[in-house]
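quick one, fold the following:
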Amino acid sequence: MRLTRRTLLAAAGGLLGATGLAACGADEAAPARPTPTPGSPQLTLGFSYIPDIQFAPFYAAHALGFYAEAGLDVTLRHHGGSESLFGALEAGEEDLLVASGDELLQAVSAGSSLLTVATVYQQYPVALIVREESDIATPADLRGRTIGTPGPYGGNWFALLAILESAGLTTDDLTVEYIGFTQQAALTTDAVEGVMGYLNNEAVRLEASGIPVRTLTLPEDAALASIGLNTTTALAERDPETLRAFVAASLQGIRAVVDDPEAAVELSGAYIPGMTGAARDDARATLEATIPLFGDASGRVDLERWQAMAQFMAGADLLEGEVDATTAATNDFLP
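I've put the predicted structure just below:
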């Protein structure tokens, strides 16, 4: 299917109509969204979060029929708030999962047989966020400061450790406050001097609330791999062609979003409950901040970065055992 605004909006209109929502001005002459043919391989794609515009590439691949055209019948499944990150994937309730490579490496170090088969975010999405007028300008400026992060886990924690390492610092050189997911309130009330947060989440929310901020992102050579497409080694060995088709269709979805973000916001409304008015404006701002994270949208896994990440995480005592990063990520399934 040719990627044009007509086809994107046609898919949005068809989906919104099917869910009883208002159509988005779809062109009646645009081609209908392909549907899976009977007998197509069935796959369930999991998301580690509630419905959100950050998953727009996969909504687009589903809505525009890229999965169907690839001969796949794909179900999208969002996780609940207390659900284990890799639990459904390991239990066979999901076939693929959109999640971070560093967390997958932790799971592999604990004995899970999981594999990253494509990179979604080429840039690590977590940064140190400070007020615009802050005198914190470089990682070295963090000595003696008070920084807030949700806790000693996940991408926010990993990124903080990486930023500190780049300046030759450790958490002993500053005060780290565990603030839960209250970054906006903590920075707004000056409870801390900076917070760890996502470029396409907390940084966007702070700006939208009228708090001008700056971000200190990870160094380009930082040894952390971000959001990717993950599966089990069992599926990769059992059905490589199906997996390869899925990856190719998902990358089409990323490119469709990059080509026309506004149309991607429209079609995502069928997947995200209540995305109207101010919520739609928020989604648009979030997607604008997300698109640069896709990089060249090639899906390529930087295997050298993965090896460096294994060394970094082991040195930071973030892994439960030794792990060979070359067995946890691959480019073998890219188109």
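
report the separation between the spatially most central residue of the chain and Ala278.
In the chain, the residue lying closest to the centroid (CA atoms, centre = their mean) is Ile227, at 4.4 Å. Distance of Ile227 to Ala278, given as CB to CB, to the nearest Å: 26 Å. Bear in mind the C-beta positions are built from the backbone N, C-alpha and C, glycine included.

then Ala60?
23 Å.

looking at the two, which one has more neighbours?
Higher neighbour count among Ala60 and Ala278: Ala60, with 28 against 9, using other CB atoms under 10 Å.

any idea which element Ile163 lies in?
If you go by DSSP states H and E, Ile163 is part of helix 154-166.

report the strands that pair with the next helix or strand after that helix, each with its relative direction.
Following helix 154-166 in sequence order, the next helix or strand is strand 175-178 (DSSP H and E). Neighbouring strands of strand 175-178 in its sheet, by DSSP bridges, are strand 146-149 (parallel).

which parts of the strand it pairs with are buried?
Neighbour-count burial for strand 146-149, with 16 or more other CB atoms under 10 Å as criterion, is recorded at 147-149.

one more: stretch 279-292?
For stretch 279-292, by 16+ other CB under 10 Å, it's 280, 283-287, 289-291.

closest to Ala56 among these?
Comparing these against Ala56 with CB to CB places Leu287 closest, at 6.0 Å.

got phi/psi on the closest one?
phi -70, psi -40 (degrees, to the nearest 10).

which stretches in the stretch 151-300 of the chain count as helices?
Secondary structure of the stretch 151-300 of the chain (DSSP state H, counting those that start in this stretch): helices located at 154-166, 183-188, 202-208, 233-238, 240-259, 261-268, 278-290.

for the third one, name the packing helices and strands.
In this structure, helix 202-208 packs against strand 126-131, helix 183-188, strand 194-198, strand 213-217, helix 278-290, with contacts taken as 3 or more CB pairs under 8 Å, 6 or more residues apart in numbering; DSSP states H and E.
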